[in-house]
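S.K.: Give the three-dimensional model of this entry:
(chains A, B, C and D)
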Number of protein chains: 2
Amino acid sequence: MTASVPRLELRSETLVDGLRESILTGRYAPGSRLVQDDLAEAFGVSRIPLREALRRLEGEGLVVISPNRGAVVRPLAPKDVVDLYDLRLALESLAIRRAAERFADLRGSTKVLRVQADRAIAARAMPTIFSLDRDFHAGLAATSDNPHLVAALGGQWSQIMRVMHAYFQVANYPAAVWDDHEAIADAVAHGAAEAAVARLTTHLSESRDAILAHLRTNGDRS
Amino acid sequence: MTASVPRLELRSETLVDGLRESILTGRYAPGSRLVQDDLAEAFGVSRIPLREALRRLEGEGLVVISPNRGAVVRPLAPKDVVDLYDLRLALESLAIRRAAERFADLRGSTKVLRVQADRAIAARAMPTIFSLDRDFHAGLAATSDNPHLVAALGGQWSQIMRVMHAYFQVANYPAAVWDDHEAIADAVAHGAAEAAVARLTTHLSESRDAILAHLRTNGDRS
DNA sequence: CTCGGGGTGATTGTATACAATCCAATCGCG
DNA sequence: CGCGATTGGATTGTATACAATCACCCCGAG
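M.R.: Model (predicted):
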């Protein structure tokens, strides 16, 4: 399937995206080894661009590379979940406050997302659900008009998405998620920053606790 | 400490550190091109490990790589300074709150830093001053007991350090910096999180404004 | 003088090839 | 039988070599 291909734009770029997606969706689980020869063959390239892609992801914090011992998908312990959510709350609160200052109205797109989400939930398509969830929070971040904040949040979300895919194998998504989203979008649109932050706080707490619960139930990995 | 290791440990690792340091200290200024052949020769390696190092730094947000057009040190506009400080305040406030919860006492090391800083100021050694400033804030972050927060703050600090070196060529460091540090450390040690945050807020505002002022004065670059 | 149109040198992108290192299983010795 | 040395295979690290792409300059037509 490595298409005949001279058409490829730039190997490295598509490689980074492909690898990142594979890690985020759990195709390569936290802690698993990333053997260069195998990956190179799987993506149809030599090891040179592949190694560069790994370095890129190392910089993003998705993989850990030990000299002469190779790369592994960065492991995730329960404490990481707590720490990540703590951090994420601070970042996203800032995003909300900045967005509310300008009365950013993203209720429209939120509604669209909800429709798509309902469909995905009916179809039990977890990856799609996660993706739509991410879209909402990414949209929220974007309205902050602070690219550095967007980047930082994107990094945190990557980590969290990894946890979700690692532990949410069964569909057991917190039900009120999309209600929370609407409430937050509504508050932001009215400039009610603190109300939005309050709702976000409970929103994230529930999400975090759901993950931690699943983690303890299915937490049979070392 | 660094094991005896006389011979070269691993090219890539020392390369990344060396390159990062060169960028942070302004040896390669924001916006300047990073030609692979030149850097490879300068560091005495081939282009392969060098390219990997660049990818790593791209992941950290220090360089930007355009396909077939090479890498440049990520440019920094005035708005970046504002955005970075906005973000940094949120992150460091979180660090302070977590540190204050445990009454972390870093007044001892802060005092040591101040002594070293006074010496550096007398010697007009700006890079050393920046470094000691970073040490204080890094120490503060470390007491949060949240590695992800430490990493995020480290990334922000890298960006800010780049701005400092780019615009603070002349020694004009805000005078009250080390008083602020002592006040913050003192408040944290007494568990007075909000007092520490308040002092941090003015501390960062002054630092930011000093940079912006210099930026406007010396801002003759495109 | 301005605007395309090549052509050329400089620079990046990737594959192949080989050296260095690590890991595990085996062997030898007590 | 236990345990450290050793060796072989697997895997990573780097250099050399070459292909692909781009930027710049020069030139000629309008």
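
S.K.: how about the nearest residue to A:K111, chain neighbours excluded?
M.R.: Of all residues beyond its chain neighbours, the one nearest A:K111 is A:E182 (7.5 Å), with distances taken as Cβ to Cβ, 6 or more residues apart in numbering or on different chains. C-beta here means a position set from N, CA and C on the backbone, and glycine is covered the same way.

S.K.: So that neighbour versus chain B, what's the distance?
M.R.: 25 Å (Cβ to the nearest Cβ, to the nearest Å).

S.K.: Nearest to chain B: which residue in chain A?
M.R.: A:G59 (1.9 Å; Cβ to the nearest Cβ).

S.K.: As a check, name the ranges of all strands in chain A.
M.R.: Here chain A has its strands, by DSSP state E, at A:33-34, A:63-66, A:70-73.

S.K.: Of the ones you listed, flag the one that's most buried.
M.R.: strand A:70-73 (a mean of 19; mean count of other Cβ atoms under 10 Å in any protein chain shown).

S.K.: does any part of the longest helix along chain A sit near chain B?
M.R.: Longest helix in chain A, counting residues (DSSP state H): helix A:193-218. No. If you take Cβ under 8 Å from any Cβ of the partner chain as the test, helix A:193-218 misses chain B, and the best it gets is 11.9 Å.

S.K.: Tell me how many other residues surround the residue nearest to A:K111.
M.R.: 16 (other Cβ atoms under 10 Å in any protein chain shown).

S.K.: buried stuff in the longest helix of chain A?
M.R.: A:193, A:195-197, A:199-200, A:203-204, A:207-208, A:210-212, A:214-215 (16 or more other Cβ atoms under 10 Å in any protein chain shown).

S.K.: What does the pLDDT read for A:S222?
M.R.: With respect to pLDDT, A:S222 scores 41.

S.K.: ditto for A:Q36
M.R.: For A:Q36, pLDDT reads 98.

S.K.: Now do the contacts for it.
M.R.: A:47, A:50-51, A:54, A:70-71 (Cβ atoms under 8 Å, 6 or more residues apart in numbering or on different chains).

S.K.: ok, now A:G61?
M.R.: Per Cβ under 8 Å, 6+ apart, neighbours of A:G61: A:74, A:155, A:158-159, B:151.

S.K.: The residue of chain A closest to chain B - nearest residue in space that isn't next to it in sequence?
M.R.: Per Cβ to Cβ, 6+ apart, closest to A:G59 is B:G59, 1.9 Å.

S.K.: Spit out the contact partners of that neighbour.
M.R.: Counted by Cβ under 8 Å, 6+ apart, B:G59 has contacts A:55-60.

S.K.: Which of those residues fall in helices?
M.R.: A:55-60.

S.K.: and those as JSON lines, adding distance to DNA strand C and pLDDT?
M.R.: Formatted as JSON lines, these follow (distance: Cβ to the nearest atom of the strand, whole Å; pLDDT from 0 to 100):
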{"residue": "A:R55", "distance to DNA strand C": "12", "pLDDT": "97"}
{"residue": "A:R56", "distance to DNA strand C": "11", "pLDDT": "97"}
{"residue": "A:L57", "distance to DNA strand C": "15", "pLDDT": "98"}
{"residue": "A:E58", "distance to DNA strand C": "17", "pLDDT": "98"}
{"residue": "A:G59", "distance to DNA strand C": "16", "pLDDT": "97"}
{"residue": "A:E60", "distance to DNA strand C": "18", "pLDDT": "97"}
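
S.K.: just curious, which of the residues you listed is nearest to B:D133?
M.R.: Lowest distance from B:D133 to these (Cβ to Cβ) belongs to A:G59, with 24.2 Å.

S.K.: pLDDT score for A:A195?
M.R.: Looking at A:A195, the pLDDT reads 98.

S.K.: and the nearest residue to it once chain neighbours are set aside, how many neighbours does it have?
M.R.: Nearest residue to A:A195 in three dimensions, chain neighbours excluded: A:A187, at 4.4 Å (Cβ to Cβ, 6+ apart). As a burial measure, A:A187 scores 20 neighbours (other Cβ under 10 Å).

S.K.: what do you get for A:A176?
M.R.: A:A176, neighbours per other Cβ under 10 Å, totals 12.

S.K.: Now for it: which residues touch it?
M.R.: A:E206.

S.K.: Then A:A192?
M.R.: A:A100.

S.K.: pLDDT score for it?
M.R.: 97.

S.K.: May I ask you to confirm that the residue nearest to A:K111 is in contact with A:G108?
M.R.: No. If you go by Cβ atoms under 8 Å, A:E182 and A:G108 don't touch, sitting 11.3 Å apart.

S.K.: for chain A, which spans come out with low pLDDT?
M.R.: For chain A, the stretches with pLDDT under 70 are A:1-12, A:169-171, A:218-222.

S.K.: Flag every residue of it that's near DNA strand D.
M.R.: A:6, A:33-37, A:47-48, A:51, A:65, A:67-71 (Cβ under 7 Å from any atom of the strand).

S.K.: Within reach of DNA strand C, which of these are there?
M.R.: A:47-48, A:68-69.

S.K.: Now render these as a markdown table, adding distance to A:A99 and neighbour count.
M.R.: Listed next are these as a markdown table, based on distance: Cβ to Cβ, whole Å; neighbours: other Cβ atoms under 10 Å in any protein chain shown:
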| residue | distance to A:A99 | neighbour count |
| --- | --- | --- |
| A:R47 | 44 | 13 |
| A:I48 | 42 | 15 |
| A:N68 | 47 | 5 |
| A:R69 | 44 | 8 |
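
S.K.: Distance to A:P78 for those - can I get that in a markdown table?
M.R.: Shown next, in a markdown table, are those (distance: Cβ to Cβ, whole Å):
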| residue | distance to A:P78 |
| --- | --- |
| A:R47 | 35 |
| A:I48 | 37 |
| A:N68 | 30 |
| A:R69 | 25 |
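
S.K.: what's A:V115 in contact with, if anything?
M.R.: So A:V115 contacts nothing (Cβ under 8 Å, 6+ apart).

S.K.: would you list every one of the helices in chain A?
M.R.: A:11-24, A:36-43, A:47-60, A:78-101, A:107-122, A:126-142, A:147-167, A:177-189, A:193-218.

S.K.: which parts of chain A sit against chain B?
M.R.: A:9-10, A:12-13, A:48, A:51-53, A:55-61, A:67-68, A:80, A:83-84, A:86-87, A:90-91, A:93-94, A:98, A:146-149, A:151-152, A:155-156, A:159.

S.K.: that older thread, what is the nearest of the ones in helices among the contacts of B:G59 to A:A138?
M.R.: Closest to A:A138, out of all of those and judged by Cβ to Cβ, is A:E60, at 15.7 Å.

S.K.: these two touch, right, that closest one and A:Q156?
M.R.: No. A:E60 lies out of contact with A:Q156 (Cβ under 8 Å); the separation is 11.1 Å.
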